[in-house]
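# Prediction below, plus the sequence it came from.
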Amino acid sequence: MLKSNYEAVKKNIKAACERSGRDKSEVCLIAVSKTKPQEDIMQIYECGEHQFGENYVQEMVDKVDALPKDIVWHMIGHLQRNKVKYVVGRASMIHSVDSLRLAEAVNQEAVKKGIVADILIEVNVAGELNKFGFKPEEVEAFVRAISGFSGIRVRGLMTSAPYVENPEDNRCYFRQLKQLCVDINAKNIDNINMDVLSMGMTNDYVIAVEEGATHIRVGTAIFGHRDYGNA
């Protein structure tokens with residue numbers, strides 16, 4: 001079942017790219033494996049998927065250490081500063097940088113380890129009270145504040161759109177994020193060249209692809225519903 005789920009998602013991505021005049025190679029599918037056992041991850045890995053996303057730090061650490069080394073891991077969940085040391089060096093990209101203090105912590109840890117951490121800035125485009133992220137109008141100032149950090153590389157923006165019955169309702173938020181990325185790139189801020197838009201999940205990834213997503217984060221459509229009692 002997991003294989004057929006995965007193939008259906010890939011087919012939907014391909015169709016969305018064709019509708020919007022994009023090449024499917026422009027879209028990176030991140031299989032969100034939070035709360036899912038290593039056996040399930042290996043089934044998808046054996047389909048040829050090497051990009052996986054995790055929300056919880058300890059769970060990601062356990063999986064990174066146990067699973068094939070060519071898996072590319074993405075930290076997509078809210079990250080606390082006291083857990084940054086476990087993520088920097090393990091995650092290929094941190095999608096959820098939502099404060100200056102977190103960016104400072106990631107930068108400090110990356111410098112200590114002699115690496116540069118790729119990060120995305122989380123934007124709360126819809127202004128939902130229960131979600132993390134900067135307001136769109138705050139993003140430029142934040143980018144300027146961290147542009148000189150030697151341990152991080154700002155790769156782009158991330159958002160989690162509202163859960164809606166009709167995915168079309170989120171098209172406006174994806175368009176706003178894409179435009180924000182274009183606008184910031186046009187400012188020619190030192191050391192900032194954003195090329196990643198991480199947006200779209202199981203409910204709305206097709207719309208996100210049509211609106212320019214470069215990375216989509218799909219879990220339930222691949223792995224099925226989650227049992228958070230085992231999280």
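That came in fine, so what should we check first?
# Which residue ranges of the chain form strands?
Assigned strands in the chain, in chain order: 28-32, 51-54, 72-75, 93-97, 117-122, 152-158, 196-198, 215-218 (criterion: DSSP state E).
# export those strands to a markdown table and tack on distance to residue 22?
Heads up, the C-betas are built off the backbone N, CA and C, glycines and all. Formatted as a markdown table, these follow (distance: least, Cβ to Cβ, whole Å):
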| stretch | distance to residue 22 |
| --- | --- |
| strand 28-32 | 12 |
| strand 51-54 | 18 |
| strand 72-75 | 21 |
| strand 93-97 | 21 |
| strand 117-122 | 20 |
| strand 152-158 | 16 |
| strand 196-198 | 12 |
| strand 215-218 | 12 |
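# Relative to residue 133, which of these is closest?
Among the strands of the chain, the nearest to residue 133 by Cβ to Cβ is strand 117-122 (4.0 Å).
# can you tell which of the strands of the chain is closest to residue 188?
strand 152-158 (13.6 Å).
# Show which residues not belonging to stretch 156-167 make contact with it.
Here stretch 156-167 makes contact (Cβ atoms under 8 Å, 6 or more residues apart in numbering) with 76, 95-96, 120-126, 128, 131, 133, 139, 169-170, 173-174, 177, 180-181, 194-201, 203-204, 206-208, 214.
# Report the distance from that stretch to the chain centre.
12 Å (Cα atoms, centre = their mean, to the nearest Å).
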